[in-house]
Structure formats: structure tokens, C-alpha cells
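S.K.: Just to be clear, the model below is a prediction. Sequence and coordinates:
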Amino acid sequence: MRYLPLSDDDRAQMLAVIGAKSVDDLYAGVPSGALLDKPVALPAHQGEQEVERLMKLLASCNIPAGKTAFFLGAGAYRHHIPASVDHLIQRSEFLTTYTPYQPEIAQGTLQALYEFQTQVALLLDMEVANASMYDGSTGMAEAALMAARVTKRTRVVLSGGVHPHYAETVRTTCEAAGLEIVALPAAVDDEMAVLRAMDANTAAVIVQSPNVFGAITDLKPIADGAHAGGALLVASFTEAMAFGLIEPPGAMGADIVVGEGQSIGNALNFGGPYVGLFATKEKYLRQSPGRLAGETVDADGKRGFVLTLSTREQHIRREKATSNICTNSGLCTLAWTIHMTLLGAEGLKRVATLNHENACDLADALAATPGVEVLTRRYFNEFAIRLPKRADIVLDALLEKGIIGGVPFARLNPTEGMENVLLVCATETNTPEDINAYAAALKEIVQ
Amino acid sequence: MTETVSGNRGLLQAEALIFETGSLARTGVDMPAPKGRANRLGGLGRKVAPALPGLSEPEAVRHYVRLSQKNYAIDLGFFPLGSCTMKHNPRLNEKMARLEGFADLHPLQPTQTVQGALLLMEELARWLLTLTGMEAVALSPKAGAHGELCGMLAIRAALQARGEGETRKRVLVPESAHGTNPATAAACGFIVDEIKATEDGHVDLEDLKTKLGPDVAGIMLTNPNTCGLFERDIRTIADLIHGAGGYFYCDGANYNAIVGRVRPGDLGVDAMHINLHKTFSTPHGGGGPGAGPTVLSPALAPYAPVPHMVRRGEELALVEHAEDAEGTPFGRMCAFHGQMGMYVRALTYMLSHGSDGLRQVAEDSVLNANYLLARLKGHFNAPFGGQPCMHEVLLDDSTLRPHGVETIDLAKALLDEGYHPMTTYFPLVVHGALLIEPTETESKAELDRFADVLIALAERAKTDSAHFKSAPHLAPMRRLDETRAARQPKLRWKPVEALKTAAE
Amino acid sequence: MTTKYTKDHEWVRIEGDVAVVGISTFAAEQLGDVVYVELPAIGKQVKQGGDMAVVESAKAASDVYAPVSGEIIAVNDALNGNPEKVNEGAEGDGWFCKIRIANAGEADALMDASAYADFAKA
């Protein structure tokens, strides 16, 4: 019991001080029969070595991305993370501390959050950003709810380019809160369709760029159209690194920007924990969800940081809070901000460019096989292809050759006519050899 | 205090913002040069580079190490924050979570390449279900409040299936509840109706009875409750709510007190979230990430959200769409499978402690709290102190206030003594509450030191309120002006002209 | 032109068919430093005892209820950006809004200054 400092002697002495005969006396409030008198039927405690052996056995039943030629995106991205990021987030003072409710002894976390909020705002070209949401998908649901509060309307339109899992998350979360969610049918490159689906009760249109098919969109006309109809534009993304190269949503008129930040600083981790980025305009701040770090001074006039505007939050506002969120993605924001600090504008642009070039190379290489069509015209690091065969069958055949070649769109959204569509991604981690191997294998499989 | 030329104070380094020290031209990451091929951005390339400063690796490492030194942490000292379960975070958990076979898995890889991950999730689910005596578990909720949402959405779905979705809209919540409970109920379209507490800190059964009716959807109840007590009438409460046609949501924030000793499934609970970052030792990380798997009773199990796993012979498969599920899932909580990184840590912890060890965890956490209660009750007012507590001790500032010292002042004085304060002003039902949760990973010697300090501070308060009012004196910062922060919110650094121009 | 008070610590001053409304000095002291006041929209109809505004300190938020029914015809814009006016003069420059009274006489049942002083002390 290496994690338990009390000895049996300690326990006896403490019971004596308390005036109890046994620990069971302390559980006197438990209804009779409900206090278990023996351990539940699970294995007994084990040493580090034994546990490590078991966990490694489980890990060995997986094929990690790095052991294959790997081309998956669609909401999670494999990038190189500098070694210092993971080292720094494992500092005891970051890893094993709580939400910074006592600012005098939490300036490390608070300053890092303040820097994070600033970096997110700069990356997305927005006025303010919060201290994170759980992930992009839950953040999108929060954005929809926020738009409804701001506009006092109850209908939200999602483009057919929104990641289907995000759309489902929004539907689940927001319908319960009384919103009407209109999710348009899947469309590779038609974010403008949201404007046609607007009505006088539409609180927001939600578009994604780059969307789930990788397509990037000029958001300006959508913002103008939404605003003309009294709605907000919520712009989303799943690949934050894109904004090293493409026009950020804030520069095109978005009112709320929400998306997944995993690709900066955070490993794939089979889907979580990730970090939702959330930014908006200052005028909407009081309707926004989540924690905010802000600047102030201490009693000596020295600059310091605190959590602020917390009257929006559940621990104060209870059923009238803007969200029920409490714990967010603290350590993932730290990883994000450290990686971003190491990159800087210069590094970000370079890694984004490498991603884009690899994706272009991959698209060219795959399109060289007759019958393979690249569906996405403008993209960052991922795109959709139409295959002459069912995408899931091709994917299995590629796997036999050590290639994980993409995500069949039908896995995300079983849509008629999309069975042959594969979502493909290349990042800076893919080598020319990977790309050539993929192209060669695909040619062999589909011909 | 002595002023220094540098602004540093010995080991404590003054540290500017990266925006004041970094450079737009500097980067700490070396990468190959791009080839320079024509882009396919369709004219949507970024027009103005973001003014994101970069640091070289040594500068970045120093920046964050210096920041880290301004934080308090469990690894540094006692962190008795009530309701938060700040226990030791084993480093084996961290090591396991970083195994390539877990960390380098994409959530949408073909399922035949992630059988180990699914096995791990199946095993985690088995432990959670065995420990809680419940029917099913939704793993995907990303934190406690998200788990609450999951449970309440399951209740909503069950009511809709009964044709009572529109008629049962009222959710009963004790006034001592965490703020997340009423916030969650409201987020699901329910109306929150507060129920009173008795003088000794329990749910007032008489008040509860008057609030029952055909419009009641359920109750959200924390057990052990936020006053640090086991709800002794919990079975009666469950029977009453079930009898009225509602469901019982249990907030599992305080599960650490009973893990391995009491199964919520034996108490009539229909849904309960489990904070893996509390009971199962995954690190709090300065405010997350957490994980909030939610266990469900047979009545709610059919509504568990997607995705979830099913076993098909030797293979584990994922059900990712409601129409493929055996039951009738209420929907989806998040993009992927939840907090895998936290599952690995939690299962590592479970295997380390085992069934016997987890039971000991609960007992020691309760013993530690009662020991502190025994040592402190003669020196502070313990509003419900006539009975044993669970894993947290509730005191208040009523013996300090006559001397001009309030809860916040005591908390700030504790900073000077090298402790993280207890939870303050919560639960709201006790004026000036001080909620102390020692957890099982503190030694008797540490508890004694802490009790000695608190007792000495209680004595000092009688004659020297000034010491408390101006505290902290020795922390990295003096008391911060929260009013100023809220009146003129400055939520980001604003670029100075020079930096802006350089970016263009 | 007497000032009346509610049990929820709002004050109201009747000026013809218009009621000037704010929170009491006692309430402002209890709340501490006010950091934000959420004022109603002009034109909004409020009911006596119904939600009208929200007043916040750094660590608390309190609902402010309409002391009389009617239509909001003016709000104290000076509170935006200068919420400290509520602390400096809760029953003067720190007023919240003006209501065109719908039901004359509704205010009659409210407490006068001395009754309120007793109420606040209790």
C-alpha cells in the first residue's frame, strides 16, 4: 500500500483520539446492510512492476500511429511535439495543483492562462479567448447556447461541413436546453448553404473551416449574411495549426470562434483529453462560458493575475450560470501554450507550410491512380478523395500493408452516396517515403 | 521587505510575459525548409501574421519553470481543499499514460488496431461497475459536470420514453449542492427546486415530501453530502423519489469516502458520475483535464450515449451511432471516446491499490478527517460536529468573527504558514464555511502539524486581527485586487506598436 | 416624493407616474464592491417582484426585482463602466432605472425608511 502513509499503530492512536472503537463506527450513517464487510470481487493490490507489466500488455495490443504510415485527421492530428513540452507540464507545481482559486499561490497557472488566452486570441484574430473548454465539440455546443442567449433566439443552423460528431454533440446538448438544431446534409464545400437555411428565429449559423472534408471557406460573405439576418456567425475548426497559414475567422467577421486545440502541444491519446479553444468579441463576454484569467494588481501594486468575471459561472450563479462547466482542460492548455511559445509566429508558419506541402504532395500522389478523385479544392492539410471502391474495404487492404490511410466518411456519418469517400490527412510527420508507399499501395489495391 | 534590484527574491524569479520578452522572429523549434511549392489555399492565405512571440528552448524552459515556482501543489505540501480530493498523484500513472501504445493512438483508427485500448476501457468499466454495483457506465463524459449532464440527459430520455418528458420538469436540489447541480439541471431544461437541510446537515425529509409530485423528474443529491456527512436517510430518499415517479441522480464528487465500502447501486441510485481526477488520482493539472464516467442503473442503462463498446466474441467493437445500438442512446456527449489519457491513469491506480487497497483508501480518508475534527472541534465551531464526518470536516468562522477575522482572512494567513487553504464559503448553507478534506495520502504527523497551525491561528485571531487582514505576507504575491480585475477586465495582453509593425 | 423599500432591498422613489429604482445603501454595503450591473432593456415590461436587473460583486451576483410593475423607460447608463457609483451613492447617483408605473398604488404597501431600517437591522 505504497500510497498510504498511515500505519496500523497510527490508525489505532487516531481512533483513540476520536473516541471510536473501529472505523466502522465512523460509517454509522450508512444504512444497515449497505456497509460492505469485505473487499469487492476485484484483484488485490499489486506492486509497480506488476501493474506496469499488465498495462504494457494492454498497450502492446494496439498499433500506435507512429508504427505505421499514418494519414488520419478528421478531428485529431498527429504532430511532432517538442520534448520540453511534456517535460514542463510534468513539473509538480503544474501537474499536481488545483484550479487557481487562491491567486497568491497560483500565479504560475494564472500567468500561463493569461498568456494562453492572448495567444488564442491572436491566432484566431479575436478580441478575447477563455481559459478553455473540454474539447472542440463540447465547445461548439456551448457556442450555440451562447449565441441563443445573445440573440434571444432559439434556432441554430449547422453547415454540412461540420464534423458529424460535433453536430451530434451539439444536437444532444442543445436540444435538451430547448434549442432547435438544424444540421444540413453533408457537403464537401458548401458552407454558404447555412445562409439559405436561416430564418428570423436563427440565433447562429455554425460553419467549419477547414471543414471535415478539409475545405477552407471565405467566411466574410457568411458573416455578412448572418449579421444581416440578426444571427451570429460561429466559426469552427478541428485543426488549429491551419491558422498559421490560412486567414483566421476573426478577420472575416466571426462572432464566436470555437474549435479543437489538440494539434498544438497535445498527443492523440485516442481522443482525449483535448482542449477546446473558445474566443469571442468583448461585447459578448458576459454571455460566454468557462473560466477567464484577468490582470490586476496586489496590495503592493504589483501586476498579478486572477480568475475573473466568475459571476457567470456555476459556483456563483447556479441555475442561471452561462454553463455548468467547472473543471476544464488546464494542463492541456499549458501544453498548448508552451508549444505555441516554442513555435512563435515564425515556427507556426513554417510547420503549417510543411503540413500544407505534404498534403498537396499526397493529393498529387494519390490522384495519379486512375479512378481516384480529390474532392476538396482548397485545403490545408486534409482533403477528401473518392475511391472506385468502398472506402472501408480499401482501408482494410491498406492496413495489411502497414498503412493507416484515412477515415471513411461513412464511419462518421453513414450517408448514402458517400461510401467511397475517404478523409485523408498529411502532417509534417509524414515522410516522402510514407507518401510514396501510400500511393503505390492504393494503386495496387484499387486497380 | 527588502527590495532587490532585479525584482527577484532569492529562488523566486520575477518573470515577465512572453509578449514582453519573446520575438516574432525567434523560434524554439527547428524544422526543414519548405519546398516552396504553389499553395492550394484558393486565395484564403493569412494576410497578417499573428503577433505570436517565440522563445528559444532554453528561454522557454526557464519561463515555465519560473512560473511553476509560483504555484502551490500537492507534491509540495498539504492541500486540504474540501470537495476536491487533492490526493497524491502517483507517477506510475503518468508513465503508463505516455506509453506509445496508448498516447499515440488516433480515435478513428480501425478498431482492429486499437483492441488494447478498448480492452483497457472494458476493464476500467468492469472496475467501476463492480465498485459501484451499477448496471452500465458511460465513459465518455469529460469531467464531473459533464457526467452530471450525461446522467440528467439519461433521466430526460427515460422520462420521454415514458411519455412524461413534457410533464416532469422539476428537479429537486438541496441548497447545499455544488453549483454544477442546479446549472446542469437548468441546462437540460429542468426547473430547479431547492430542498432544505436539517439543523444537523442532512436532507430535510419533511421538506422533500412536500416537494414531491407528478411533475418531479428527479433529485440531484451529493452523497456523502457537501457538509461532509453520509445521508443516513438515503434509502428513504430513493424510495420517496422513485415512489413519486422520479429518478435519483447522485453527485459522486465525494465518492472517495466510500469507494470499496459502500456501493451506490445498493442505495437506490439511478445515475452517478465518478470524478477520476478525485477518487482515482488522476492529476488536477491546475484545473483539468478531468474525466467523469457516469454509472447508470438498469432503468437508465438503455439510454447510455454513444460511443460505447460491445464485445463480439474475441473482438471489441465500437457502437458509434445510435441506430446501431441495442438500447436507445440519448445521443453523444463529445467528439470521441472521452478521456482515454485519464482512463489509463485511473486503471493504473485501481490495479495498484486493488480491491483491498481501495477500501483502505476510503477508510483512511474518513479516519484522517475525523481525526482532524477531533483535534479541531474545541478550537473552531463545527456546525454539525456532534456526529462523525465522512472524508471532509466542516468548520466555520463563527468563533473568529467576534475578533474581526473571517474565513477569507484565515485562508490567507494559512498561505503564510505554507499551506493551501481549505475550501472557503462552501457549502453555502453554513455562514463562513471552512471545508477541510485531508485525503488518505496524508500522514498522521502531517495532520498534527496542520492542526497545530490552525489551533495557533485561532488563538492569534483573538488578539491580532491585523495579522490576518493583511495576509498573506510571505506568499509570492500580496492579496490581489479581484474587484479591479472584474470592473475593468483585462483578459489579454495587447500588442505594443513595435511588435505589431514587425508582424506586418 | 418619498422613498419606499422592498424586502429584497430595492428602493423606489415615485415621481408622478414614474418610479426611480435602485438598491438600498444597506444592500450595497452587504454586497461589497459592485463590479457590474446588468440593466434591463428600455421598453421591457416588468412585474412587481419579477426579475429586473442583476448586480454583481467580484464573488457574488444578486437578482434585483422590480418594486413596481410597468415599462422600463430609462436606465442609468453611467453604471456601465462606473459600477462603483452604486457603492458611492446607492440611493442617489447609483440608481438603476426608471419605470413608467402601470398600477398606481402598488408602491403603497412597501416599507417606508424607518420600517425598512428596522427590517434591515433584524
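M.R.: Received, thanks. What you are looking at is a predicted structure, and each value in this text was computed from that prediction instead of being measured. Numbers count the residues shown, from 1 in each chain, chains lettered A, B, ... in the order given.
S.K.: Excluding covalently adjacent residues, which one is nearest to residue A:97?
M.R.: In this structure, residue A:97 finds its nearest non-sequential neighbour in residue B:73, 4.3 Å apart by CB to CB, 6 or more residues apart in numbering or on different chains. Just so you know, the C-beta spots here come from the backbone N, C-alpha and C atoms, and that holds for glycine as well.
S.K.: got a list of what the closest residue to residue B:485 other than its chain neighbours touches?
M.R.: Distance criterion CB to CB, 6+ apart; nearest residue to residue B:485, sequence neighbours excluded, is residue A:296 at 3.8 Å. Neighbour list for residue A:296: A:303, A:304, A:305, A:306, A:308, B:480, B:481, B:482, B:484, B:485, B:490 [criterion: CB atoms under 8 Å, 6 or more residues apart in numbering or on different chains].
S.K.: could you redo the last one with a cut-off of 7 Å?
M.R.: A:304, A:306, B:480, B:481, B:482, B:484, B:485 (CB atoms under 7 Å, 6 or more residues apart in numbering or on different chains).
S.K.: One more: residue A:70?
M.R.: Taking CB under 7 Å, 6+ apart as the criterion, residue A:70 is in contact with A:78, A:404.
S.K.: Could you pull out the strands in the stretch 251-400 of chain A for me?
M.R.: A:256-260, A:276-280, A:293-297, A:303-307, A:373-374, A:382-386 (DSSP state E, counting those that start in this stretch).
S.K.: Go through these and name the closest to residue A:334.
M.R.: Closest to residue A:334 of those is strand A:293-297 (CB to CB; 12.4 Å).
S.K.: The longest helix along chain B vs chain A: in contact?
M.R.: Criterion DSSP state H: the longest helix present in chain B is helix B:340-376. Yes - judged by CB under 7 Å from any CB of the partner chain, helix B:340-376 comes into contact with chain A through B:340-342, B:348, B:351-357, B:359-360, B:363-364, B:366-367, B:370-371, B:374-375.
S.K.: just so I have it, where are all the helices in chain C?
M.R.: Here chain C has its helices, by DSSP H, at C:25-31, C:84-88, C:113-121.
S.K.: Please export the C-alpha coordinates of the second one as PDB.
M.R.: C-alpha atoms of helix C:84-88 as PDB (Å, rounded to 0.1, in the frame of the first residue of the first chain):
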ATOM      1  CA  GLU C  84     -18.700  51.900  -8.200                       C
ATOM      2  CA  LYS C  85     -21.400  54.600  -8.300                       C
ATOM      3  CA  VAL C  86     -23.600  52.100  -6.600                       C
ATOM      4  CA  ASN C  87     -21.300  51.900  -3.700                       C
ATOM      5  CA  GLU C  88     -20.700  55.700  -3.600                       C
END
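S.K.: Let me see the mean pLDDT of stretch B:37-57.
M.R.: Across stretch B:37-57, pLDDT averages out at 97.
S.K.: ugh, wrong one, I meant stretch B:82-89
M.R.: 97.
S.K.: Return it as CSV; C-alpha atoms alone will do.
M.R.: The C-alpha trace of stretch B:82-89 is given here as CSV (Å, rounded to 0.1, in the frame of the first residue of the first chain):
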residue,chain,number,x,y,z
GLY,B,82,-12.7,20.3,0.5
SER,B,83,-14.7,18.7,-2.2
CYS,B,84,-11.7,18.4,-4.5
THR,B,85,-9.9,15.3,-3.2
MET,B,86,-6.3,16.5,-3.6
LYS,B,87,-4.6,13.2,-3.0
HIS,B,88,-1.2,12.1,-4.1
ASN,B,89,-0.9,11.6,-7.9
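S.K.: Need the residues that contact it.
M.R.: So stretch B:82-89 is in contact with A:3, A:95-96, A:98, B:74, B:79, B:226, B:253, B:256, B:278-279, B:281, B:283-284, B:392, B:422-423, B:426, B:435-437, B:439-441, going by CB under 7 Å, 6+ apart.
S.K.: Can you go through these and name the buried ones?
M.R.: With neighbours counted by 16 or more other CB atoms under 10 Å in any protein chain shown, these contain buried members at A:3, A:95-96, A:98, B:74, B:79, B:226, B:253, B:256, B:278-279, B:281, B:283-284, B:392, B:422-423, B:426, B:435-437, B:439-441.
S.K.: So which of these reach chain C?
M.R.: Checking those against chain C by CB under 7 Å from any CB, not one of them is in range.
S.K.: Out of these, list just those in strands.
M.R.: B:423, B:435, B:436 (DSSP state E).
S.K.: can you narrow those residues to ones near chain A?
M.R.: Answer for those near chain A: none qualify (CB under 7 Å from any CB).
S.K.: residues in contact with the nearest residue to residue A:199 once chain neighbours are set aside?
M.R.: Once flanking residues are discounted, residue A:199 sits nearest to residue A:155: 6.7 Å by CB to CB, 6+ apart. Neighbour list for residue A:155: A:179, A:180, A:182, A:199, A:201, A:202, A:203 [criterion: CB under 7 Å, 6+ apart].
S.K.: can you check residue B:224 too?
M.R.: Neighbours of residue B:224 in contact, by CB under 7 Å, 6+ apart: B:230, B:254, B:257, B:258, B:390, B:391.
S.K.: Redo those as a markdown table? Include neighbour count.
M.R.: What follows is the contacts of residue B:224, written out as a markdown table (neighbours: other CB atoms under 10 Å in any protein chain shown):
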| residue | neighbour count |
| --- | --- |
| B:230 | 27 |
| B:254 | 28 |
| B:257 | 28 |
| B:258 | 30 |
| B:390 | 26 |
| B:391 | 30 |
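S.K.: With pLDDT added, can I get those in TSV?
M.R.: What follows is the contacts of residue B:224, written out as TSV (pLDDT from 0 to 100):
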residue	pLDDT
B:230	97
B:254	97
B:257	98
B:258	98
B:390	97
B:391	98
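S.K.: which one among the residues you listed gets closest to chain C?
M.R.: Ranked by distance to chain C (CB to the nearest CB), the contacts of residue B:224 are led by residue B:254 at 23.6 Å.
S.K.: Just to check, the closest one is in contact with residue B:222?
M.R.: Yes - Residue B:254 is within contact range of residue B:222, at 6.2 Å (criterion: CB atoms under 7 Å).
S.K.: on that earlier part again, what about the residue nearest to residue A:97, neighbour count?
M.R.: The local packing of residue B:73 (other CB atoms under 10 Å in any protein chain shown) involves 26 other residues.
S.K.: per-domain residue ranges of the chain.
M.R.: Chain wasn't specified; assuming chain A. In the domain annotation for chain A, the residue ranges read A:65-80+A:345-446, A:83-339 (automatic domain parsing).
S.K.: Not quite, go with chain B.
M.R.: B:93-349, B:355-487.
S.K.: Can you get me the start-to-end distance on stretch B:379-392?
M.R.: 17 Å (CA to CA, to the nearest Å).
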